[in-house]
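Novice: Below: sequence and its predicted model.
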Amino acid sequence: MHSLSLECTVEQAEFVSAELYDLETEGINEEDLPAGLVRLRAFFLTPFDAAAFFAFNPKWEEEPERDWRKEMEGHWPSIEVGRFFIVAPWSDDSTPEGLLRLCVHPGLAFGTGRDTTTQLCLESLEQLIQPGMAVLDVGTGSGILAEAAYLLGATRVEACDIDFVAAHAAREQLPADIGIFVGSARSVASGWADLIVANINAETITNLAPEFKRILKPAGRVILCGIPIRHADRVTACMETYGLPVTNREERDIWVRLIC
């Protein structure tokens, strides 16, 4: 096992963590540093060229043989997000009355429930999902948003991801009633979805905007996140071009969530 240490600001930590999850890290530990900085330690089976992280002073270390799963357990306490109680697979914490239990493996793919963008999406799903809806989760990552939609009463839930490893890992975690496939929204039938949720990035969202319009039913809605605030106006203009005006916008930390 090897660890990659990176130093960044608190505001940058979530974006950098997302990049590390895309590289299939086994898990990430976060340590507070002086002056508003944090140190991220991401664990990988094999080291790689970390030049893309040059701005964050990357340092590789070979780690001694240890029980990494046991050590990770202490860094992933159960948390409440709206109506959801998010736990790691090894947790035996009881679910508080009235909450929906979401079990998410913290090292499989991006989307642990502890990151701002996933929390914004969970809160939005809670507001918009009605029983019987058909929901599409684009770029599902860990599958947390697809499962949340299912728990909230969506009758048909489909999830997709272009990363085979992420899609396979999500399939292992998700209920059998949730469909998942390797690919993009382009593979989904026209007029299928009552609601689309996409917690990805601004560039992919703008590229898929016409597909979102095609897939949605006439009164369908879209939840968009993973967008840095500096890109919000560009994404908003693009969605409006395809007849999907933004009706709600929320900013939190460095991120923005848009609902069309």
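Specialist: Cool, got the structure.

Novice: any idea which element the closest residue to residue 229 other than its chain neighbours lies in?
Specialist: Using CB to CB, 6 or more residues apart in numbering and skipping residues adjacent in sequence, the residue nearest residue 229 is residue 256, 4.9 Å away. All C-beta atoms are positioned from the backbone trio N, CA, C, and that covers glycine. In the assignment (DSSP states H and E), residue 256 maps to strand 255-259.

Novice: Note down every partner strand of that strand and its orientation.
Specialist: strand 216-228 (antiparallel), strand 248-252 (antiparallel) (DSSP bridges).

Novice: Just name the most buried of the ones you listed.
Specialist: Comparing the strands paired with strand 255-259 by mean neighbour count (mean count of other CB atoms under 10 Å), strand 216-228 ranks first with a mean of 20.

Novice: With mean pLDDT added, can I get the strands paired with strand 255-259 in TSV?
Specialist: Putting these into TSV (pLDDT from 0 to 100) gives the following:
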stretch	mean pLDDT
strand 216-228	94
strand 248-252	94
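
Novice: out of those strands, nearest to residue 241?
Specialist: strand 216-228 (13.7 Å; CB to CB).

Novice: for that closest one, the distance to its chain's centre please.
Specialist: Using CA atoms, centre = their mean, to the nearest Å, the distance from the centre of strand 216-228 to the centre of the chain it belongs to is 15 Å.

Novice: which residues sit against it?
Specialist: 15, 18, 117-118, 120-121, 124-125, 128, 134, 139, 191-202, 205, 212, 235, 239, 244, 254-260 (CB atoms under 8 Å, 6 or more residues apart in numbering).

Novice: Only whichever of these are buried, select them in ChimeraX.
Specialist: Remark: buried members of these, expressed as a ChimeraX selection using 16 or more other CB atoms under 10 Å:
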select :15,18,117,118,120,121,124,125,128,134,139,192,193,194,195,196,197,198,199,200,201,202,205,212,235,239,244,254,255,256,257,258,259,260
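
Novice: from the contacts of strand 216-228, which ones fall inside strands?
Specialist: Among the contacts of strand 216-228, the members found in strands (DSSP state E) are 134, 193-199, 255-259.

Novice: In CSV: these, plus pLDDT and distance to residue 178.
Specialist: Below are those laid out as CSV (pLDDT from 0 to 100; distance: CB to CB, whole Å):
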residue, pLDDT, distance to residue 178
134, 97, 12
193, 97, 14
194, 97, 15
195, 98, 14
196, 98, 15
197, 97, 13
198, 96, 16
199, 93, 16
255, 89, 25
256, 93, 27
257, 96, 22
258, 97, 24
259, 97, 22
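
Novice: Quickly name whichever of those residues is closest to residue 90.
Specialist: Checking those one by one against residue 90 (CB to CB), the nearest turns out to be residue 199, at 24.8 Å.

Novice: Phi, psi for residue 200 please.
Specialist: phi -130, psi -110 (degrees, to the nearest 10).

Novice: check contacts around it.
Specialist: 138, 139, 226.

Novice: what's the spacing between the residue lying closest to the second one once chain neighbours are set aside and residue 148?
Specialist: Put plainly, it is residue 139. Leaving aside its chain neighbours, residue 139 sits nearest to residue 200 (3.9 Å; criterion: CB to CB, 6+ apart). Distance of residue 200 to residue 148, given as CB to CB, to the nearest Å: 16 Å.

Novice: A helix includes residue 77, no?
Specialist: No - counting by DSSP: H, G, I helix; E, B strand; the rest coil, residue 77 falls outside a helix, being coil.

Novice: Now for it, how many residues are close by?
Specialist: 12 (other CB atoms under 10 Å).

Novice: Looking at it now. What's its pLDDT?
Specialist: According to the prediction, residue 77 has pLDDT 79.

Novice: tell me the contacts of it?
Specialist: Per CB under 8 Å, 6+ apart, neighbours of residue 77: none.

Novice: how near is it to residue 86?
Specialist: In terms of CB to CB, residue 77 sits 10 Å off from residue 86.
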